[in-house]
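Novice: Build me a structure from this.
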Amino acid sequence: MRYGESIVCTTGVRAETGLKRCAVQSAGILLVQFKLELPRRPFAVSRGRLRPGWECQMNIANMRQTRKRPLFLGGPFFPAHDKNRMHDEGDVVGARKRFLDKRFRNLEALLSQRYTWMNDYIRPDDQVVEFGCGAGFSRLYLRADNLVLTDYVDQAWVDIRADAMNPPFEPNSIDTIICSHMIHHMAQPTLFFRKVRPLLRDRGRIIIQDLNTALTMRILLWVMRHEGWSYDIDVFDENSVTNDPNDPWSANCAIPQLLFESSAAFEANVPGFRVLKNELNECLLFPLSGGVISRTSVPEMPDWALSFVQRLDRMLVGALPSVFAMGRSVVLEKQAS
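Specialist: Below you'll find the predicted structure:
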């Protein structure tokens with residue numbers, strides 16, 4: 001959908017109407033505001049559901065996700081860095097050394113789960129670039145011969161030091177962009193998508209693994225004082241600053257949920273992309289990993305127990321995603337202008 005296009009609205013959506021304007025909602029999310037033009041049948045309700053068979057033509061005037069705060073722990077929460085109850089915040093060198101020295105099984109299971117699914121969307125000869133590679137763990141799991149790791153901070157495993165908001169790549173030079181747990185650190189996420197789109201070749205992809213602020217994630221963040229969240233932002237406004245741009249570890253963990261809770265809203269507000277995958281995942285395995293960069297002490301589990309946890313996670317996320325889904329996997333594909 002594009003702004004100004006006419007589309008057909010059928011049954012199954014909630015409508016709010018005024019004299020000339022309507023709004024369509026789904027699951028409490030404002031999806032479309034539009035001007036009512038020529039209803040096929042009388043459209044007299046001021047609030048309610050469209051009856052089966054009713055259709056109306058509409059022009060999209062705006063398409064914004066205006067998510068309400070969750071009832072519990074829904075308000076903004078941003079702990080100071082010195083209140084973090086986890087250890088070694090931001091120490092990517094130490095995190096990489098600890099993991100490579102021991103290959104802690106719990107964390108191995110989490111990292112493998114976060115990265116290996118991406119291989120299904122990486123083609124054999126793809127030029128792959130990861131922005132915000134952190135400790136550089138992706139190279140252990142991605143089957144990509146042409147993988148370039150970039151980060152804002154220069155490290156021994158970083159191929160190119162790069163600011164994701166000012167990427168040093170030529171137009172049409174990248175097939176696949178990897179973003180693993182970096183979107184929630186961005187000060188202007190939709191501006192990032194606009195800036196990297198020209199770098200992608202035709203039908204190029206952005207593969208994203210990030211947080212989802214379900215209830216259990218908000219409780220975990222609140223208890224550990226690790227990172228924060230706020231739903232009181234418009235992630236689709238390029239001029240809206242959602243994190244501290246001067247602090248690379250500043251985090252608003254609600255950003256991925258606000259961006260991708262509705263694939264239709266994302267596609268309407270970030271033109272030029274199609275959402276190929278948008279899947280919730282991950283629950284108990286994350287806290288049981290002990291953390292990726294920041295860490296806390298947890299007992300190492302045998303492989304059979306970790307496999308059980310992963311199966312349990314799938315059941316919990318499938319049954320009550322708003323409570324248990326701590327992760328989100330997304331694949332975007334570049335579309336022709």
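Novice: can you pull out the strands in the stretch 51-200 of the chain?
Specialist: Secondary structure of the stretch 51-200 of the chain (DSSP state E, counting those that start in this stretch): strands at 56-62, 127-130, 146-151, 160-161, 174-180, 200-211.
Novice: export these to JSON lines and tack on distance to residue 337?
Specialist: (Each C-beta comes from the backbone N, C-alpha and C, glycine too.) Below are the strands of the stretch 51-200 of the chain laid out as JSON lines (distance: least, C-beta to C-beta, whole Å):
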{"stretch": "strand 56-62", "distance to residue 337": "18"}
{"stretch": "strand 127-130", "distance to residue 337": "21"}
{"stretch": "strand 146-151", "distance to residue 337": "26"}
{"stretch": "strand 160-161", "distance to residue 337": "27"}
{"stretch": "strand 174-180", "distance to residue 337": "17"}
{"stretch": "strand 200-211", "distance to residue 337": "11"}
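Novice: JSON lines for these, including mean neighbour count and mean pLDDT?
Specialist: Formatted as JSON lines, the strands of the stretch 51-200 of the chain follow (neighbours: other C-beta atoms under 10 Å; pLDDT from 0 to 100):
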{"stretch": "strand 56-62", "mean neighbour count": "17", "mean pLDDT": "39"}
{"stretch": "strand 127-130", "mean neighbour count": "24", "mean pLDDT": "98"}
{"stretch": "strand 146-151", "mean neighbour count": "20", "mean pLDDT": "97"}
{"stretch": "strand 160-161", "mean neighbour count": "13", "mean pLDDT": "96"}
{"stretch": "strand 174-180", "mean neighbour count": "24", "mean pLDDT": "98"}
{"stretch": "strand 200-211", "mean neighbour count": "21", "mean pLDDT": "97"}
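Novice: mind checking which of the ones you listed is nearest residue 77?
Specialist: For residue 77, the closest of these is strand 200-211, at 13.8 Å, according to C-beta to C-beta.
Novice: Restricting to C-alpha, output that closest one in PDB.
Specialist: Provided in PDB are the C-alpha atoms of strand 200-211 (Å, rounded to 0.1, in the frame of the first residue of the first chain):
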ATOM      1  CA  LEU A 200      21.000  -3.200  -1.300                       C
ATOM      2  CA  ARG A 201      20.900  -4.800  -4.700                       C
ATOM      3  CA  ASP A 202      17.600  -5.800  -6.300                       C
ATOM      4  CA  ARG A 203      15.600  -8.000  -3.900                       C
ATOM      5  CA  GLY A 204      18.300  -7.500  -1.200                       C
ATOM      6  CA  ARG A 205      17.400  -8.400   2.300                       C
ATOM      7  CA  ILE A 206      17.800  -7.100   5.800                       C
ATOM      8  CA  ILE A 207      17.800  -9.900   8.400                       C
ATOM      9  CA  ILE A 208      17.000  -8.900  11.900                       C
ATOM     10  CA  GLN A 209      17.100 -10.700  15.300                       C
ATOM     11  CA  ASP A 210      16.100  -8.500  18.200                       C
ATOM     12  CA  LEU A 211      14.200  -8.200  21.500                       C
END
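Novice: buried set for the following helix or strand past it?
Specialist: Note on strand 200-211: by DSSP states H and E, the next helix or strand toward the C-terminus is helix 215-224. By 16 or more other C-beta atoms under 10 Å, the buried positions in helix 215-224 come out as 215-218, 220-221, 224.
Novice: Show me what helix 215-224 packs onto, helices and strands only.
Specialist: On a contact count with 3 or more C-beta pairs under 8 Å, 6 or more residues apart in numbering; DSSP states H and E, helix 215-224 meets helix 321-324.
Novice: From the contact counts, what lies against the helix it packs on?
Specialist: Judged by 3+ C-beta pairs under 8 Å, 6+ apart, helix 321-324 is in contact with helix 215-224, helix 303-319.
Novice: now the angle between strand 200-211 and the shortest one, please.
Specialist: In terms of direction (axes from the mean of the first three to the mean of the last three C-alpha atoms, to 10 degrees), helix 215-224 departs from strand 200-211 by 70 degrees.
Novice: Extract the C-alpha set from helix 215-224 and format it as CSV.
Specialist: What follows is helix 215-224 as a C-alpha-only set of coordinates in CSV (Å, rounded to 0.1, in the frame of the first residue of the first chain):
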residue,chain,number,x,y,z
LEU,A,215,5.7,-9.1,29.9
THR,A,216,8.5,-11.5,30.9
MET,A,217,11.1,-9.4,29.1
ARG,A,218,9.9,-6.2,30.9
ILE,A,219,10.0,-8.0,34.2
LEU,A,220,13.5,-9.2,33.5
LEU,A,221,14.7,-5.8,32.5
TRP,A,222,13.1,-4.2,35.5
VAL,A,223,14.7,-6.7,37.9
MET,A,224,18.2,-6.7,36.3
